[in-house]
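S.K.: Have a look at this prediction, sequence included:
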Amino acid sequence: MDADKPICGREPDSQFVELAVEVFSMLADPTRVRIILALRDVEELSVNHLADIVDKPPSTVSQHLAKLRLARIVATRQHGQRVFYRLENEHAKQLVSDAIFQAEHSLGDVPRHHHRQNSESA
């Protein structure tokens, strides 16, 4: 009967709500947010390169990347002994960008991202 009905994940009673909370929980760490920001505009980066960008030891970054990989937020490609990481899809990038924009709103005044929009439409 309802088998042909598409499932909308954006309804309050959606089966995806708990999974969405797990995604938010996974992103509730400054190092993980910084990793996603570092990966947002590049094809892929190695652990060492990410460690330099987020200013954390490679072992720490590797542990965070393992969690992000289990959550299917990042994917890997191995080339010889090196492992390269990339965002699995555009959604993590959008979630983090929107969270940063929301954080800017908490500071009061007109957030920087609104200044950019206003200058583009002028």
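M.R.: Structure received.
S.K.: where does the protein dip in pLDDT?
M.R.: Scanning the chain for pLDDT under 70 picks out 1-8, 109, 111, 115-122.
S.K.: which residues of this structure fall in strands?
M.R.: Taking DSSP state E, the strands of the chain run over residues 45-46, 74-79, 82-87.
S.K.: Indicate each strand paired with the second one and its parallel or antiparallel sense.
M.R.: Here strand 74-79 is paired, per DSSP bridges, with strand 82-87 (antiparallel).
S.K.: From the rest of the structure, what touches the partner strand?
M.R.: 35-36, 39-40, 42-47, 50, 65, 69, 73-78, 93 (C-beta atoms under 8 Å, 6 or more residues apart in numbering). Bear in mind the C-beta positions are built from the backbone N, C-alpha and C, glycine included.
S.K.: closest one to residue 58 among the strands of the chain?
M.R.: strand 45-46 (9.1 Å; C-beta to C-beta).
S.K.: For the nearest residue to residue 84 once chain neighbours are set aside, give its distance to residue 87.
M.R.: Among residues not flanking residue 84 along the chain, residue 44 sits closest, at 4.1 Å (C-beta to C-beta, 6 or more residues apart in numbering). Relative to residue 87, residue 44 is positioned 9 Å away (C-beta to C-beta, to the nearest Å).
S.K.: which ones are touching residue 72?
M.R.: By C-beta under 8 Å, 6+ apart, the residues touching residue 72 are residue 88.
S.K.: can you tell me which residues contact the residue nearest the centre of the chain?
M.R.: Centroid check for the chain by C-alpha atoms, centre = their mean gives residue 92 as the closest residue, at 3.1 Å. Listed by C-beta under 8 Å, 6+ apart, the contact partners of residue 92 are 27, 36, 73-74.
S.K.: Next one: it relative to residue 26, how far apart?
M.R.: As judged by C-beta to C-beta, residue 92 and residue 26 stand 9 Å apart.
S.K.: Which helix runs longest in the protein?
M.R.: Longest helix in the chain, counting residues (DSSP state H): helix 90-105.
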